[in-house]
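**Q** Curious how this folds, go ahead:
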Amino acid sequence: MGEKRLKSLVAVDGSEVSKKAVTLASRFAAKTGVHLTLLHVLEDIIRYDKVPETWNYYLREQHAKKLLEEAKRLAEENGAKDVDVRIAVGPVAEEIVRIAEEGDYVSIIIGTKGRSLLKKLLIGSVAEKVVLYAHCPVVVVR
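**A** Residues are numbered from 1 along each chain as shown. Modelled structure (predicted):
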């Protein structure tokens, strides 16, 4: 039997802190040979009657593909050799945790925007939820 390939999951949303997370993960992968999966989650949104659901999804998916192409280019520029991309649909934190567990990832790298205390208390952050529920270590980048 071959060795188990070590994989890290990197959450990508196009923000500056997300780009920092990709850069950090890529530099680590360049030194260790860890496989990176760059993940963008399309959150379920409220449907507007004037915009057909399929068109709305299509636009969001095209935007996600563009974000992931840019993130993959950034990862490769920072030395990552083994990189793939993935789009998921659903609640963001839940999807990140589910994919990491089902894919047997050894770590998750995610950015956080540093919300105000009030916003954290009211809705929590994706990064906090991932840290709480992930089966593996989570690196939170600010």
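
**Q** Output the lowest mean pLDDT helix or strand found in the chain.
**A** helix 117-123 (a mean of 58; mean pLDDT, DSSP states H and E).

**Q** Which SSE is immediately downstream of it?
**A** Helices and strands here follow DSSP states H and E; after helix 117-123, the next one along the chain is helix 126-133.

**Q** Beyond that following helix, next helix or strand please.
**A** Trace forward from helix 126-133 with DSSP H and E and the next one is strand 138-141.

**Q** which helices and strands does the helix or strand where residue 36 lies pack with?
**A** According to DSSP H and E, residue 36 maps onto strand 35-42. Helices and strands touching strand 35-42, by 3 or more Cβ pairs under 8 Å, 6 or more residues apart in numbering; DSSP states H and E, are strand 7-11, helix 16-32, helix 53-77, strand 83-89, helix 92-102. (C-beta placed from N, C-alpha, C; glycine too.)

**Q** average model confidence for the fourth one?
**A** So that's strand 83-89. Strand 83-89 shows a mean pLDDT of 98.

**Q** May I see the buried residues of it?
**A** Neighbour-count burial for strand 83-89, counted by 16 or more other Cβ atoms under 10 Å, picks out 83, 85-88.
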